[in-house]
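In: Below is the sequence, then the predicted model.
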Amino acid sequence: MRRRRDKKMGRNQQDAPKLSREVVIPEVITVAELANRMAERSVTVIKMLMQQGQMATINDVVDADTAELIAQELGHTVRRVSDADVEEGLYDIPADDKAEDLTDRAPVVTIMGHVDHGKTSLLDAIREANVVSGEAGGITQHIGAYQVEKDGAKITFLDTPGHEAFTAMRARGAQATDIAVLVVAADDGVMPQTIESIKHAKAAGVPIIVAINKMDKPEANPTRVRTELLQHEVFVESMGGEVLDVEVSAKTHNGLDKLLETIQLQAEVLELKVARDGRAEGLVIEAKLDKGRGAVATVLVQRGTLKIGDILVAGTEFARVRALINDKGEQVKEAGPSVPVEVLGFNGVPSAGDRFSVVENDARAREVTEYRQRAIREKTAGGGATSLEQMMNQLKVAGISKFPLVIKGDVQGSVEAIVSSLNKLSTDEVSAQILMAGVGGITESDVTLAAASNAIVIGFNVRANKQASDLATRDGIEIRYYNIIYDLVDDVKNAMSGLLKPERRETFIGYATIKEVFQITKVGKVAGCQVTEGIVERGAGVRLLRDNVVIHEGKLKTLKRFKDEVKEVQVGQECGMAFENYEDIRAGDQIECFRVETVQRTL
């Protein structure tokens with residue numbers, strides 16, 4: 001009885017209709033995961049793979065096509081997704097943001113300039129001027145960014161190590177800064193790092209405010225600074241330009257109020273508005289591993305509000321926010337747009353410049369970070385290099401006529417000669433875009449700028465330091481070394497020439513006059529001609545002229561001398577000619593014969 005009941009139950013289970021599921025299949029999937037998503041036994045999937053001649057275990061991976069075939073054979077529907085789909089919606093700014101939902105935000109300012117021109121002193125002076133009365137010993141700077149208040153409005157300053165971190169953020173596709181303050185010492189003028197800072201700010205498209213510092217010194221000469229800035233296309237207002245400039249002294253605090261007012265004025269022009277509600281997005285300013293607190297990151301919120309308990313993803317790391325600490329060292333419950341805070345709760349140390357976004361749960365955070373870690377491993381293994389040849393191909397595909405380069409040389413004279421020679425190569429179709437040209441060894445800053453702009457680094461009688469060389473290897477940036485200017489110019493010239501469209505050049509070779517037209521079976525109309533000038537070649541291009549008007553342009557199908565097919569006929573000789581796909585020929589018409597050559601153009 002029992003055996004009969006078991007048989008009956010088994011038959012009922014077999015007769016039960018099978019559930020059809022929608023199976024999500026990524027680019028690669030393990031056998032076990034595929035079976036799990038279909039709610040099938042792993043053995044069933046392995047048997048089907050064996051039928052296709054593929055031996056696999058449950059831990060082996062199969063490609064999306066094979067997985068789709070198996071799923072469909074088992075009666076399921078399939079939805080194919082890319083691995084990159086896990087990032088969809090992370091940084092999407094809703095298009096339906098209403099004007100009333102947007103609020104003003106504080107401008108984010110980065111201070112840049114040459115070493116020893118008083119950047120840190122100026123930052124400290126601004127911070128001291130904003131110390132709340134009664135706070136003993138002034139403010140303690142806990143994080144690499146802080147806010148100051150002027151007439152009720154706030155300004156956020158990024159205390160970054162100059163233009164290198166500034167460009168590192170841009171290299172990761174993140175625009176952290178709204179305004180760049182360029183600090184130039186009144187007694188020293190424009191120096192190499194000042195020029196570098198200008199290049200980096202311009203490359204990022206950020207408005208510049210010039211702070212002429214050290215005005216308390218007797219040898220201060222602000223007019224000299226303004227004049228030197230003209231050479232680098234920074235036209236200050238007092239010289240008839242649009243760049244705002246302020247004379248300040250970090251030592252005596254003179255001009256600080258005017259500098260803050262100028263920043264606020266520039267911010268008003270930019271009309272900085274953002275949605276305060278919703279999930280937070282922003283940037284990692286800096287990160288470190290603290291012995292007592294674990295991985296800690298200073299972040300700048302750019303949109304939405306970051307709260308304690310949020311789960312955020314930054315680069316290849318994620319965090320459940322345990323605590324938020326502001327620039328005064330106080331714990332806060334939330335941080336809105338343009339507010340810098342220190343975040344505790346990261347599982348690892350993110351990189352400076354990584355974008356962060358709040359996600360809905362731990363599972364999504366893990367999925368995104370695992371995908372990014374895998375992508376980095378694959379890129380490192382495959383080598384996503386930017387070489388001169390690859391850049392040419394990219395430029396051809398993109399149709400870009402700019403050829404970006406970062407140039408470093410041993411002396412200013414050599415650099416100027418190289419830049420001048422490369423600028424002379426420029427045409428309407430293609431031109432060398434010198435992102436940076438400077439004196440000295442190749443540094444990490446140069447490699448970072450090249451990575452941000454997909455450029456090649458060229459060194460003339462200089463070499464990259466170890467850090468720059470390692471960074472270039474990691475980011476796949478090509479560094480080319482030269483000691484002869486002509487070799488350098490020739491290489492760039494050849495690369496740029498490859499972007500020019502080939503020229504179609506036509507060479508006249510001969511004339512012939514049609515004496516009589518013959519109708520030949522299976523051939524059609526053949527013109528009996530006499531060559532009156534030059535030669536006529538079979539396969540050459542021909543034009544049929546009637547009363548000196550071109551009525552047809554094509555190719556010769558046949559060229560005969562008596563009954564023989566010939567390659568060419570000389571002047572004064574008679575021949576028979578027939579055109580490809582054209583028969584409207586008459587006695588008295590003239591035939592112009594020409595050769596077309598495609599010539600690769602050079603600069």
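Out: Sure thing, it's come through. Numbering: from 1, shown residues only.

In: And the top strand by length along the chain, what does it pack against?
Out: Ranked by residue count under DSSP state E, the longest strand found in the chain is strand 503-520. Packing contacts for strand 503-520, counted by 3 or more C-beta pairs under 8 Å, 6 or more residues apart in numbering; DSSP states H and E, involve strand 524-534, strand 536-537, strand 574-579, strand 590-599. C-betas here are computed from N, CA, C, even on glycine.

In: Give me the mean pLDDT for it.
Out: Computed over strand 503-520, the mean pLDDT rounds to 86.

In: Centre of the chain to that strand, how far?
Out: Here strand 503-520 shows a centroid-to-chain-centroid distance of 53 Å under the convention C-alpha atoms, centre = their mean, to the nearest Å.

In: before we move on, back to that, right, and the helices and strands packed on strand 503-520 - which one's nearest Lys402?
Out: Closest approach to Lys402 among the helices and strands packed on strand 503-520 (C-beta to C-beta): strand 590-599, 24.4 Å.

In: Pull the distance from the closest one to the chain's centre.
Out: Worked out by C-alpha atoms, centre = their mean, strand 590-599 lies 44 Å from the chain centre.

In: That one pairs with which strands, and in what direction?
Out: Taking DSSP bridges as the criterion, strand 590-599 pairs within the sheet with strand 503-520 (antiparallel), strand 541-546 (antiparallel).

In: Can you tell me which of the helices and strands packed on strand 503-520 has the worst average pLDDT?
Out: Lowest mean pLDDT of the helices and strands packed on strand 503-520: strand 590-599, a mean of 84.

In: Buried residues, that one. List them.
Out: In terms of neighbour count (16 or more other C-beta atoms under 10 Å), strand 590-599 has its buried residues at Gln590, Ile591, Glu592, Cys593, Phe594.

In: beta partners for the closest residue to the first one other than its chain neighbours?
Out: Across the structure, with C-beta to C-beta, 6 or more residues apart in numbering as the measure, the residue nearest Gln590 apart from its sequence neighbours is Leu545 (4.3 Å). Following DSSP bridges, Leu545 is listed with bridge partners Val550, Gln590.

In: Now for this protein, the helix or strand with the poorest mean pLDDT.
Out: For the chain, using mean pLDDT, DSSP states H and E, the weakest element among its helices and strands is helix 2-15, scoring a mean of 50.

In: Let me see the ranges of the helices in the stretch 401-550 of the chain.
Out: Per DSSP state H, counting those that start in this stretch, the stretch 401-550 of the chain carries helices over the ranges 412-424, 444-453, 466-475, 485-497.

In: so which of the helices and strands packed on strand 503-520 comes closest to Ser445?
Out: strand 590-599 (41.9 Å).

In: Put the alpha carbons of the closest one into PDB.
Out: C-alpha atoms of strand 590-599 as PDB (Å, rounded to 0.1, in the frame of the first residue of the first chain):
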ATOM      1  CA  GLN A 590      36.800  63.600 -77.000                       C
ATOM      2  CA  ILE A 591      38.100  61.300 -74.300                       C
ATOM      3  CA  GLU A 592      40.200  62.600 -71.500                       C
ATOM      4  CA  CYS A 593      42.300  59.900 -69.700                       C
ATOM      5  CA  PHE A 594      43.600  60.400 -66.100                       C
ATOM      6  CA  ARG A 595      45.100  58.500 -63.200                       C
ATOM      7  CA  VAL A 596      43.900  58.900 -59.600                       C
ATOM      8  CA  GLU A 597      46.300  58.400 -56.700                       C
ATOM      9  CA  THR A 598      45.600  58.500 -53.000                       C
ATOM     10  CA  VAL A 599      48.400  60.300 -51.200                       C
END
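
In: so it versus strand 574-579, what angle?
Out: Angle between the axes of strand 590-599 and strand 574-579 is 70 degrees (criterion: axes from the mean of the first three to the mean of the last three C-alpha atoms, to 10 degrees).

In: for the strands paired with strand 590-599, which one sits closest to Pro26?
Out: strand 503-520 (47.9 Å).

In: if we can go back for a sec, need the next SSE after the least confident helix or strand of the chain, C-terminal direction.
Out: strand 22-25 (DSSP states H and E).

In: Just the buried residues of that next one, please?
Out: Judged by neighbour count using 16+ other C-beta under 10 Å, the buried positions of strand 22-25 are Val23, Ile25.

In: quick one: contacts of that strand?
Out: With contacts defined as C-beta atoms under 8 Å, 6 or more residues apart in numbering, strand 22-25 is touched by 34, 37-38, 64, 67-68, 71, 76-81.

In: quick revisit: need the buried residues of strand 590-599 in CSV with distance to Gly438, can you?
Out: Below are those laid out as CSV (distance: C-beta to C-beta, whole Å):
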residue, distance to Gly438
Gln590, 64
Ile591, 62
Glu592, 57
Cys593, 58
Phe594, 52
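
In: quick check, nearest of the residues you listed to Arg366?
Out: The closest of the buried residues of strand 590-599, once distances to Arg366 are taken by C-beta to C-beta, is Phe594, at 68.5 Å.

In: Who does that closest one form a beta bridge with?
Out: Bridge pairing for Phe594 - DSSP bridges - gives Phe508, Gly541.

In: surely it meets Gly539?
Out: No - in this structure, Phe594 is not within contact of Gly539 by C-beta atoms under 8 Å, at 11.8 Å.

In: So which of the strands paired with strand 590-599 is the most surrounded?
Out: Ranked by mean neighbour count under mean count of other C-beta atoms under 10 Å, the strands paired with strand 590-599 are led by strand 541-546, which reaches a mean of 18.

In: The stretch 51-200 of the chain: helices as residue ranges?
Out: With DSSP H, counting those that start in this stretch as the criterion, the stretch 51-200 of the chain has helices at 64-73, 119-129, 163-171, 192-204.
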